[in-house]
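A.B. asks: fold the following.
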Amino acid sequence: MSGRLSHAGPSLGGRPSLLPSSLHRHLSSHRGSDSRPVLSGGPAAGRQPFDQGGVRSLGDPVSGDDASVVEVRELRKTYRVLNRRTWWRDLVRPEYRFVQALRGVSFTLRPGESVAYLGPNGAGKSSTIKCLAGIIKPDSGTVRVFQQDPWQRRTEVLARIGAVFGQKSLLFPDLTLRDALDIYRRVYGLRRRDVDEFVEEFDTHVRVRHLLSKPVRRLSLGERMRGELMAALVHDPDLLLLDEPTIGLDLTTREGFLQLLRRRVDRGRTVLLATHRLEDVEAVCRRALLLSSGRLIYDGSVDDLRRKVGGKRSARVRYRGRLPGAVAGSLPVIRRHQPSDEEGEVEVEVPPDARPSSVVAELEAVVEVVEVTVGYPRLEHVLQTVFARTEKGDAG
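C.D. replies: Below you'll find the predicted structure:
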């Protein structure tokens, strides 16, 4: 037990504390308070969330820099990394190399946007998110979150941010999820009733109530991630910075969380989602930022990205009747299924210079078309094409 208490801070109210010392100092200065916020700018400090007095949806126009949630200009960050050799050489004469994680990245996030931040491992996604959260200081460039510098005004900015960093835990190993929520309730100045209502809403999408009494160290990866997501959302933050938030989640839990995330976006919250699960992107995000070797190579809608990169499209047509063999032979058929003379289904490749409607028109001349589904290139294939082209350009 003593090994698990090695990170404990000083006593709180005469009892030993399991909290990290930085959080302990916040709580110690506000003992006895049930609703007063420890972090200024939180909900109890009087700020008006976006869903009170004007919900801003993805389609609503936003003008002026004052409306931005995040403003990043020419962001640069370089790390000094030890060149690993034998241990005694590293001790006596260490050698270092410099890795440019971010090379002049610029973008803006508006209220109510859901934006995917995509790139291969080592592209600089996590470094960007850490700069936005005030965890690391950029070498140069400008970072503004709610018109403030997150490095200099970390407390005010963090009060309005919810962050998940994959394997980096927001929880405390020896506390239960219920105790962790109570700590965050005090940190953000929330009422118990508000937290209870939040847990009720969260549990309808992501089953978590049966885990509240378990110590965090006894939770599986997927169970702990449910707790991480709950801790990040409990104060209803205006900005969500999510770095691989669905790692370890089963299919049902992941879909429930994505549904909850879409509801937050509909209420005007802003989401920056860094992930390798492209199905998460397609479920939540309309805009994508592509990062490669520390450089931003694309900023636009997910649909535009598909169209610009190209790739094979297909039209799957369900029809009544029997499709003549001559017509089927004249079309670039990918798959055909005719279980009876009354109905059938055919999937046809749509040429790059043609519209799906032109393909469907040929079928309508001989059969009764019941349903048409147009298939676009999978986002995964589109990104592979983009990054392959970028690597060729860098090599050239």
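A.B. asks: please make it C-alpha for all contacts and neighbour counts, starting now.
C.D. replies: OK.
A.B. asks: domain ranges for this protein?
C.D. replies: Domain assignment of the chain by automatic domain parsing yields the ranges 1-32, 65-76+102-306, 312-376.
A.B. asks: quick one: contacts for residue 296?
C.D. replies: Applying C-alpha atoms under 8 Å, 6 or more residues apart in numbering to residue 296 gives the contacts 105, 106, 289, 290.
A.B. asks: pretty sure it belongs to a strand, no?
C.D. replies: Yes. Counting by DSSP: H, G, I helix; E, B strand; the rest coil, residue 296 is part of a strand.
A.B. asks: the closest residue to residue 333 other than its chain neighbours and residue 358, how far apart?
C.D. replies: The shortest distance from residue 333 to any non-neighbouring residue, by C-alpha to C-alpha, 6 or more residues apart in numbering, is to residue 348 (4.4 Å). Using C-alpha to C-alpha, to the nearest Å, residue 348 is found at 11 Å from residue 358.
A.B. asks: more neighbours: which of these two?
C.D. replies: Legend: neighbour count by other C-alpha atoms under 10 Å for residue 348 and residue 358, higher for residue 348 (23 against 11).
A.B. asks: give me the phi and psi for the residue nearest to residue 333.
C.D. replies: Phi and psi for residue 348, reported as degrees, to the nearest 10, are phi -120, psi 140.
A.B. asks: single out the most deeply packed of the domains of the chain.
C.D. replies: Highest mean neighbour count among these (mean count of other C-alpha atoms under 10 Å): domain 65-76+102-306, with a mean of 19.
A.B. asks: contacts for stretch 196-208 next, please.
C.D. replies: So stretch 196-208 is contacted by 209, 223, 226, 227, 230, 234, 253, 254, 256, 257, 259, 260 (C-alpha under 8 Å, 6+ apart).
A.B. asks: separation between the fourth one and residue 175?
C.D. replies: This means residue 227. Here the distance between residue 227 and residue 175 works out to 12 Å (C-alpha to C-alpha).
A.B. asks: for the protein, what helix or strand is lowest in average pLDDT?
C.D. replies: When the helices and strands of the chain are scored by mean pLDDT, DSSP states H and E, helix 21-28 comes last with a mean of 44.
A.B. asks: what is the subsequent helix or strand relative to it?
C.D. replies: Under the assignment DSSP states H and E, the closest C-terminal helix or strand after helix 21-28 is strand 70-82.
A.B. asks: show me the contacts of residue 296 that map onto helices.
C.D. replies: Of these, none are assigned to helices by DSSP state H.
A.B. asks: contacts only, for the residue positioned nearest the centre of the chain.
C.D. replies: Residue closest to the average C-alpha location in the chain (C-alpha atoms, centre = their mean): residue 273, at 2.0 Å. By C-alpha under 8 Å, 6+ apart, residue 273 lies in contact with 114, 115, 116, 117, 241, 242, 243, 244, 281.
A.B. asks: is it true that the fifth one touches residue 271?
C.D. replies: Okay, so that is residue 241. Yes. Counting by C-alpha atoms under 8 Å, residue 271 is a contact partner of residue 241 at 6.3 Å.
A.B. asks: would you map the strands across the chain?
C.D. replies: 70-82, 96-109, 114-118, 140-145, 161-165, 239-243, 270-274, 287-292, 295-301, 313-320, 333-337, 343-350, 368-375 (DSSP state E).
A.B. asks: now render those strands as TSV, adding distance to residue 384.
C.D. replies: Shown next, in TSV, are the strands of the chain (distance: least, C-alpha to C-alpha, whole Å):
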stretch	distance to residue 384
strand 70-82	25
strand 96-109	21
strand 114-118	11
strand 140-145	29
strand 161-165	24
strand 239-243	20
strand 270-274	16
strand 287-292	11
strand 295-301	13
strand 313-320	17
strand 333-337	23
strand 343-350	21
strand 368-375	18
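A.B. asks: worst mean pLDDT among those strands?
C.D. replies: Mean pLDDT values for those show the minimum at strand 333-337, a mean of 77.
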